[in-house]
Every structure is written in structure tokens, then in C-alpha cells.
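Novice: kindly generate the corresponding structure for this input.
(chains A and B)
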Amino acid sequence: NAGVMQNPRHLVRRRGQEARLRCSPVKGHSHVYWYRQLPEEGLKFMVYLQKENIIDESGMPKERFSAEFPKEGPSILRIQQVVRGDSAAYFCASSPSGDRGNSPLHFGNGTRLTVT
Amino acid sequence: DQQVKQNSPSLSVQEGRISILNCDYTNSMFDYFLWYKKYPAEGPTFLISISSIKDKNEDGRFTVFLNKSAKHLSLHIVPSQPGDSAVYFCAASGLGSARQLTFGSGTQLTVLP
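Specialist: So this is what the prediction gives:
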């Protein structure tokens, strides 16, 4: 059973470029969550998506950031016109339902974005 | 506004002894608490959780204690092993925001051989 798969593991972008981060959830999971970890900080919630729907994007910056989880294919976190402050580790997690239930969130290994 | 706080950025413990990691929270709506362990260049790995209806949960060497009146929880690891060296994150969620975990800033645990 493959866990949450994220790619690329490392991404370097120059200021002003676009960054696309991909997340393939655990097979059968239809709920995806993106978190960001800035240096020396804990993870911070960004967005929660269900297939083809954004359920909660309260943690997403209002500009330049967008996320999608299409019917087919991985979830994509897109950052347009990156700035140095976007440099962080971006983690994805998935779950079979939106209920908390008895199953905790399991995370992928993250994408480390460096903006030069 | 940090709703989940881990005030000790680092902790060193001798192998075989007990490690105690602490976490405080301010949001009374939190009713579910988790501990994650994180190695460098990896994602957080779930360790143990506790619901607010309990005050203790144990899983092998790991025990989590919850003191609701003090809004405080702690993770005990006994006996500590060198492989336990990692960053430990405390996280919390409330019923209305089921999967939205609020994380603390982490504590780096080093277990010395």
C-alpha cells in the first residue's frame, strides 16, 4: 500500500516563476489536505479538498496560491509569481473521509520549495 | 496568535531514561490532540492521540496525558531510545474543523547513547 506520494521532493524556482506541487493520495482516499511548514515553525493548514471541490481554503494566502483536486489525477498546489517568502516545505495528507473518526492524518514526505 | 504552544525547542535525554515533552493550548474548542514525530526530510509520522473525554492514552513506550483544566498535554516516552531522536509536534483539532490540525512549533528530542 503506497502512502501519500508527493513530487517533486525538491523544487527550485526563481522569483516570479510558477511552482506546481503534486500530491497523489493514498489509493481510495478522496480527501486531500495541504499544509506548509516555514523554517523553525510548525505545520500550518492551507487547504482541504475533496474530489473536484474545495471544502476549506481558509489557510490559503488570498493571492497567487491555488489548489485543485481533479476527478482524475493528483492534487495540485500552484503558486504563481513566487517570492522568497514562499520558500518552505509543503506537505500533503489524505484521508478516506472528512470525518475525524479514528484515523489520524498521514502525511507525505513533502516538497521543499526554494525560491532564489 | 499561537493556539498550540511547545515552549521547549529542544530536549536532551539519556538513553533508557524518560523523555517528557510538553504542549499547551489556548483554544477551548479543541477536543482531539495528537503527537507526530518528524525526521529530517520526511513528513510527520503519527504517534499517538487522545480525545478530550480521556486523560491518558498509552501505546507501548508512548503515553499521552491530557489535563483539560490546565489546557496542557504531555508525551512520555519510556524508555527513551536513540532512534527516538526527532522533532516532536503536538497538534490539536476541534469538532467543527475536523481535519484542520493546528500544530505547535515542535520540540527537538535528542536521546544520547
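Novice: which element is the nearest residue to residue B:101 once chain neighbours are set aside on?
Specialist: Closest residue in space to residue B:101, ignoring its immediate chain neighbours: residue B:91 at 4.3 Å, by CB to CB, 6 or more residues apart in numbering or on different chains. Yep, even glycine has a C-beta here, placed from its N, CA and C like the rest. Secondary structure assignment for residue B:91, by DSSP states H and E: strand B:86-94.
Novice: state the number of residues packed around the residue nearest to residue B:101.
Specialist: Neighbour count of residue B:91, defined by other CB atoms under 10 Å in any protein chain shown: 25.
Novice: so it bridges to which residues?
Specialist: residue B:34, residue B:103 (DSSP bridges).
Novice: which residues does residue A:37 contact?
Specialist: By CB atoms under 8 Å, 6 or more residues apart in numbering or on different chains, the contact list for residue A:37 reads A:43, A:44, A:88, A:89, A:90, A:91, A:110.
Novice: who does the second one bridge with?
Specialist: This points to residue A:44. residue A:36.
Novice: how deep is it tucked in, by neighbour count?
Specialist: 15.
Novice: list the contacts of it.
Specialist: A:35, A:36, A:37, A:38, A:59, B:103.
Novice: reformat these as a markdown table; add distance to residue B:10 and pLDDT.
Specialist: Listed next are the contacts of residue A:44 as a markdown table, based on distance: CB to CB, whole Å; pLDDT from 0 to 100:
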| residue | distance to residue B:10 | pLDDT |
| --- | --- | --- |
| A:35 | 23 | 97 |
| A:36 | 23 | 97 |
| A:37 | 17 | 95 |
| A:38 | 18 | 91 |
| A:59 | 27 | 92 |
| B:103 | 17 | 94 |
